[in-house]
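1. Pasting a predicted model and its sequence here:
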There are 2 protein chains.
Amino acid sequence: MKIVCDAMGGDNGSPAVVEAIQNFLKKHDDVEIAVVGKKEELTALEGKCEIIDARDVVPMEAGALEVIRMKDSSMYKAVNMVKGGEYSAVVSCGSTGGFLSTATLLLKNIEGVKRSALVVPFPTSIKGKKVVLLDVGANNENSPEELLQFGTVGKLYSKYVFDVEKPNVYLMSNGAEEGKGAPEVKAAYKLYKESNFEGFQGNIEARYALSGKADVIVMDGYTGNVFLKGTEGVAKLMGGMIKSAFKKNLWAKLGYLHVRSGIKEMSETMDYKSTGGAMLLGVNGVVVKAHGSSDAWCFENAIRVAYQLAKADIVNKIKEGLKSE
Amino acid sequence: MKIVCDAMGGDNGSPAVVEAIQNFLKKHDDVEIAVVGKKEELTALEGKCEIIDARDVVPMEAGALEVIRMKDSSMYKAVNMVKGGEYSAVVSCGSTGGFLSTATLLLKNIEGVKRSALVVPFPTSIKGKKVVLLDVGANNENSPEELLQFGTVGKLYSKYVFDVEKPNVYLMSNGAEEGKGAPEVKAAYKLYKESNFEGFQGNIEARYALSGKADVIVMDGYTGNVFLKGTEGVAKLMGGMIKSAFKKNLWAKLGYLHVRSGIKEMSETMDYKSTGGAMLLGVNGVVVKAHGSSDAWCFENAIRVAYQLAKADIVNKIKEGLKSE
């Protein structure tokens, strides 16, 4: 198995990626890694990886059209290597918009896939249990038929990355009852029912999304993005409040010493970087977007997810899964 | 000014409402309150309020059609009293769906209002500053024209309840740039621009929704509901994690003693009950939905918001505001 890593474009530059690859390779001997970037920054990987020189770095705020024109960028080259089929997966911590669009344009959707979806696993109230949310932002809108496909794709992710044998699938809605939701949600509900979708449990309200009862929650990309970013905002707001609480006085500061391991554990659970970032599922290849501010640990997690997905042969699993629907 | 309170249907029953009314009346001598419910439970208010007997209580899970048929319920009677025009506002902590539908059906939309919206003020990172979000669930979908009207309505709320002289208005989107968002959001963006909407600042990503820079954020009811409930879910998840952190060992437990006032402050800030619940804006009358689990303090806050909105003559302000758009 071969995985390509884009070494550039992240907030921490190539050193974080180099370290991540070194650490990953120490633990895995059944995978080859190719790394794309300014070769003078990648010398530590000589002899361990295939190194592909690329002179351009896609800026964080770059859009789709820009990246497509930057043919000597590490991102474009990295994605393009997966196109040939020799490499199974690509990982990048560069511009999200640029990376996702390039992957969609170069790799094309898997036969039968109407729209690819951005997938993010979230922490839940049940320790160690993650819930798979999709689409969290690859699309601006989705049809009922696309929302049905997302269910299949999400289920495969839950099965092969989190080892859930029979994943529960819910539709995000503004009420648990049938008949609740935006028009597309209502129509999707019908499609799930009509197709006797295995594991479909109906609607779920956003307040229970992280309760741990769902394995997969499906929604359109606009709503998913609002949910993803909204939870990020609230977590940040509450994090700030906790900090102020501990700064109130000397006793509170001392109190912090005793709970800091617990607080750290919470931050890590809430931090979706620890889950390996976001995956674009539905294209011909494994595409993993590490967080822009990834450190070596985060990027290594992202490579690990790419490795798991490639090992599970997720692209073919999706192909088969869609046929049997 | 006259305000009607539905005394029944909340998780804490009529005693919480009775106490809330007593406390509110102690602080306000320019308002009369009418209370609707089982009269034998309202004897403490004799001589202080007009008491209207109603034998039925709308169950928490009741839908629109049920309430409309329950003509002897406290909720139906309370809303119906506002219809005549003698009473300016109605407050209830009963079934949300039932209350909102009854209000919409009986009070009808203000002339010119396409859709009424559920409005909730949220805490922000700036201490004491609230942001007004709408629609958070009165509708399943909204047209661009409705999203434009929500801006006007939200601005009036920000102005008259939070005393913001020139409120900033944003559209919730999956990116800050123009051209981002679901199709309705993109179209609404154009309408805001074309109408030179005063205070319009463009799109805002959900991660910055609670940062404090926005006074008003407009979105469709489905998305708003997912945002509202999603933040509730995350706050609950994090709250649970904080508790576990403090339970780790004896020292952590002792640590809690020193930070509990700070933690309590955080919980109260995050608790939207403290803001007086949610308001249905756009109908002919002030309609305030207190949280189902309201205690006396929450319900009193809800009455206070109803009082402020009625005093600001919000119904006529909306009428005028829509004319001048």
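-> The structure has been received and is ready for your questions. Remember, predicted model here, so these are calculated numbers, not experimental data. Residues are numbered from 1 along each chain as shown, chains lettered A, B, ... in the order given.
2. and the residue nearest to the spatial centre of chain A, what does it touch?
-> Centroid-nearest residue in chain A: A:Ala278, 1.2 Å away (criterion: C-alpha atoms, centre = their mean). Neighbouring residues of A:Ala278 by C-beta atoms under 8 Å, 6 or more residues apart in numbering or on different chains: A:Thr96, A:Leu118, A:Val119, A:Val120, A:Val136, A:Tyr272, A:Val288, A:Lys289. Where you see a C-beta, it was placed from the backbone N, CA and C, and this is true even at glycine.
3. To what extent is the first one buried, counted in neighbours?
-> This points to A:Thr96. As a burial measure, A:Thr96 scores 21 neighbours (other C-beta atoms under 10 Å in any protein chain shown).
4. Quick check on it: phi, psi?
-> phi -60, psi -50 (degrees, to the nearest 10).
5. what about the closest residue to it other than its chain neighbours, distance to chain B?
-> Excluding the flanking residues, the one nearest A:Thr96 by C-beta to C-beta, 6 or more residues apart in numbering or on different chains is A:Lys289, at 5.8 Å. For A:Lys289, the distance to chain B equals 15 Å [C-beta to the nearest C-beta, to the nearest Å].
6. What's the local residue count around A:Lys289?
-> 24.
7. Which residue ranges of chain A form strands?
-> In chain A, the strands defined using DSSP state E lie at A:2-6, A:32-37, A:50-53, A:89-92, A:117-123, A:130-134, A:169-173, A:200-205, A:216-218, A:278-281, A:286-289.
8. Who does the residue lying closest to A:Gly181 once chain neighbours are set aside form a beta bridge with?
-> Among residues not flanking A:Gly181 along the chain, A:Ser173 sits closest, at 3.8 Å (C-beta to C-beta, 6+ apart). Beta-bridge pairing for A:Ser173 (DSSP bridges): A:Glu205.
9. shouldn't A:Ser173 be in contact with A:Arg207?
-> No. Here A:Ser173 lies out of contact with A:Arg207, judged by C-beta atoms under 8 Å, at a distance of 11.4 Å.
10. Comparing those two, which residue is more hemmed in?
-> More crowded of A:Ser173 and A:Arg207, by other C-beta under 10 Å: A:Ser173, with 29 against 18.
11. which intervals of the stretch 151-300 of chain A have sub-threshold pLDDT?
-> Judged against pLDDT under 70, the low-scoring parts of the stretch 151-300 of chain A cover residues A:248-252, A:254-276.
12. quick one: contacts for the closest residue to A:Ile3 other than its chain neighbours?
-> Computed as C-beta to C-beta, 6+ apart, the closest residue to A:Ile3 that is not its neighbour in sequence is A:Ala89, at 4.6 Å. Contacts for A:Ala89 (C-beta under 8 Å, 6+ apart) come out as A:Ile3, A:Val4, A:Val82, A:Gly285, A:Val286, A:Val287, A:Val288, A:Ala306, A:Tyr307, A:Leu309, A:Ala310.
13. How about A:Leu147?
-> Neighbouring residues of A:Leu147 by C-beta under 8 Å, 6+ apart: A:Leu171, A:Glu184, A:Val185, A:Ala188, A:Leu191, A:Val218, A:Met219, A:Asp220.
14. Excluding covalently adjacent residues, which one is nearest to the fifth one?
-> Just to be clear, that refers to A:Leu191. Per C-beta to C-beta, 6+ apart, closest to A:Leu191 is A:Leu148, 4.6 Å.
15. Isn't the residue nearest to A:Thr96 up against A:Met279?
-> Yes. Contact between A:Lys289 and A:Met279 holds when scored by C-beta under 8 Å: they sit 7.3 Å apart.
16. Closest to A:Lys236 out of the contacts of A:Leu147?
-> Comparing the contacts of A:Leu147 against A:Lys236 with C-beta to C-beta places A:Met219 closest, at 21.9 Å.
17. wait, the closest one sits on A:Leu133?
-> Yes. Counting by C-beta under 8 Å, A:Leu133 is a contact partner of A:Met219 at 7.4 Å.
18. still on that earlier bit, tell me the most buried of the strands of chain A?
-> By mean neighbour count, with neighbours taken as mean count of other C-beta atoms under 10 Å in any protein chain shown, strand A:89-92 ranks first of the strands of chain A at a mean of 32.
19. So what are the sheet partners of it and their directions?
-> Short version: by DSSP bridges, strand A:89-92 pairs with strand A:2-6 (parallel), strand A:286-289 (parallel).
20. Chain neighbours aside, what residue packs nearest to A:Tyr157?
-> A:Val132 (5.2 Å).
21. ditto for A:Val153
-> A:Leu281 (4.9 Å).
22. and that neighbour, what is it in contact with?
-> A:Ser116, A:Ala117, A:Leu118, A:Val119, A:Leu134, A:Val153, A:Leu156, A:Tyr157, A:Val287, A:Ile314, A:Ile318.
23. Show me the helices in the stretch 151-300 of chain A, by range?
-> A:183-194, A:221-247, A:250-270, A:296-311 (DSSP state H, counting those that start in this stretch).
24. And the stretch 1-150 of chain A, by the same measure?
-> Using DSSP H, counting those that start in this stretch, helices in the stretch 1-150 of chain A cover A:13-27, A:64-69, A:74-83, A:96-107, A:144-162.
25. out of these, nearest to A:Glu46?
-> That would be helix A:13-27 among the helices of the stretch 1-150 of chain A, by C-beta to C-beta, at 10.8 Å.
26. Now do that closest one, average pLDDT.
-> Per-residue pLDDT over helix A:13-27 has a mean of 95.
27. and the angle for that helix with helix A:74-83?
-> Interaxial angle, helix A:13-27 versus helix A:74-83 (axes from the mean of the first three to the mean of the last three C-alpha atoms, to 10 degrees): 30 degrees.
28. starting at the chain centroid, how far to helix A:13-27?
-> 19 Å (C-alpha atoms, centre = their mean, to the nearest Å).
29. Would you mind getting the angle between it and helix A:296-311?
-> For helix A:13-27 against helix A:296-311, the angle by the same axes, to 10 degrees is 60 degrees.
30. Identify all contacting residues around helix A:13-27.
-> Residues contacting helix A:13-27 (C-beta under 8 Å, 6+ apart): A:5-8, A:10, A:31, A:33, A:35, A:37-38, A:41-42, A:44-45, A:48-49, A:93, A:294-300, A:302-304, A:307.
31. Out of the residues you listed, which end up buried?
-> A:5-8, A:10, A:31, A:33, A:35, A:37-38, A:41-42, A:45, A:48-49, A:93, A:294-296, A:298-300, A:302-304, A:307 (16 or more other C-beta atoms under 10 Å in any protein chain shown).
32. Could you export the contacts of A:Leu147 as JSON lines, including distance to A:Met60?
-> Formatted as JSON lines, those follow (distance: C-beta to C-beta, whole Å):
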{"residue": "A:Leu171", "distance to A:Met60": "33"}
{"residue": "A:Glu184", "distance to A:Met60": "32"}
{"residue": "A:Val185", "distance to A:Met60": "33"}
{"residue": "A:Ala188", "distance to A:Met60": "34"}
{"residue": "A:Leu191", "distance to A:Met60": "38"}
{"residue": "A:Val218", "distance to A:Met60": "29"}
{"residue": "A:Met219", "distance to A:Met60": "26"}
{"residue": "A:Asp220", "distance to A:Met60": "26"}
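33. Scan those residues and report the most crowded one.
-> Most neighbours among those, by other C-beta under 10 Å: A:Met219, with 33 neighbours.
34. How much space separates A:Val119 from A:Leu281?
-> For A:Val119, the distance to A:Leu281 equals 5 Å [C-beta to C-beta, to the nearest Å].
35. which residues do those two both contact?
-> In contact with both A:Val119 and A:Leu281: A:Leu134, A:Val153, A:Tyr157, using C-beta under 8 Å, 6+ apart.
36. Looking at those, spot the one nearest chain B.
-> A:Leu134 (14.1 Å; C-beta to the nearest C-beta).
37. residues contacting that closest one?
-> A:117-120, A:150, A:153-154, A:157, A:216-219, A:224, A:281.
38. For A:Glu177, give me phi and psi.
-> phi -70, psi 150.
39. Roughly how far does the residue lying closest to it once chain neighbours are set aside sit from chain B?
-> With C-beta to C-beta, 6+ apart as the criterion, A:Glu177 has its nearest non-adjacent residue at 6.9 Å, and that residue is A:Asn203. A:Asn203 sits 11 Å away from chain B, going by C-beta to the nearest C-beta.
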